[in-house]
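Enquirer: Coordinates for the following, if possible.
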Amino acid sequence: MPMPPPKPSTDIREDRQAAHEIAQIVRALQDKGPMELSELHAVVGATYWDRRRFDRALALARAEGHLVSLADGRVDAV
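Expert: Numbering: from 1, shown residues only. Take a look at the predicted model:
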């Protein structure tokens, strides 16, 4: 008898939320240009996001090639 498939490692709702948060970050940078992280945090309203969601969205956006870190510490959309 075959084994059942493993449970997915991520929740699809969480993936959709992360995609939405990444889009917010990228859109803010496209609209306003390079920003320091504290300014970006305020612009996207990350104060109201769940704990650590902003950091996670930033990391995913960088990993997916949507963001670049500038030498002066700011981030910008690619």
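
Enquirer: all contacts plus neighbour counts: C-alpha atoms, from now on.
Expert: Fine.

Enquirer: what comes into contact with stretch 54-70?
Expert: Stretch 54-70 has contacts (Cα atoms under 8 Å, 6 or more residues apart in numbering) with A18, A19, E21, I22, I25, V26, H41, A46, V75, D76, A77, V78.

Enquirer: How about stretch 26-37?
Expert: With contact meaning Cα under 8 Å, 6+ apart, stretch 26-37 is reached by L40, V43, V44, H66, L67, G73, R74, V75, D76, A77.

Enquirer: so after the longest helix anywhere in the chain, what's the next helix or strand?
Expert: Assignment by DSSP state H gives helix 12-32 as the longest helix of the chain. Downstream of helix 12-32, the first helix or strand assigned by DSSP states H and E is helix 37-43.

Enquirer: Output the below-cut-off pLDDT ranges for this structure.
Expert: 1-14 (pLDDT under 70).

Enquirer: before we move on, back to that, pull out the buried members of the contacts of stretch 26-37.
Expert: Neighbour-count burial (16 or more other Cα atoms under 10 Å) applied to the contacts of stretch 26-37 gives L40, V43, V44, H66, L67, R74, V75, D76, A77.

Enquirer: measure stretch 24-44 end to end?
Expert: 6 Å (Cα to Cα, to the nearest Å).

Enquirer: for the closest residue in space to A77 that isn't next to it in sequence, phi and psi?
Expert: Excluding the flanking residues, the one nearest A77 by Cα to Cα, 6 or more residues apart in numbering is L67, at 4.6 Å. Backbone torsions for L67, taken as degrees, to the nearest 10, come to phi -130, psi 160.

Enquirer: Please tell me how far L67 sits from R52.
Expert: Counting by Cα to Cα, the gap from L67 to R52 is 18 Å.

Enquirer: so where does the spatially most central residue of the chain fall, helix or strand?
Expert: With distances taken as Cα atoms, centre = their mean, the residue of the chain nearest its centroid is A57 (2.0 Å). Taking DSSP H and E as the criterion, the element that holds A57 is helix 53-63.

Enquirer: And that helix, how far out from the chain middle?
Expert: 4 Å (Cα atoms, centre = their mean, to the nearest Å).

Enquirer: That'll do, ta.
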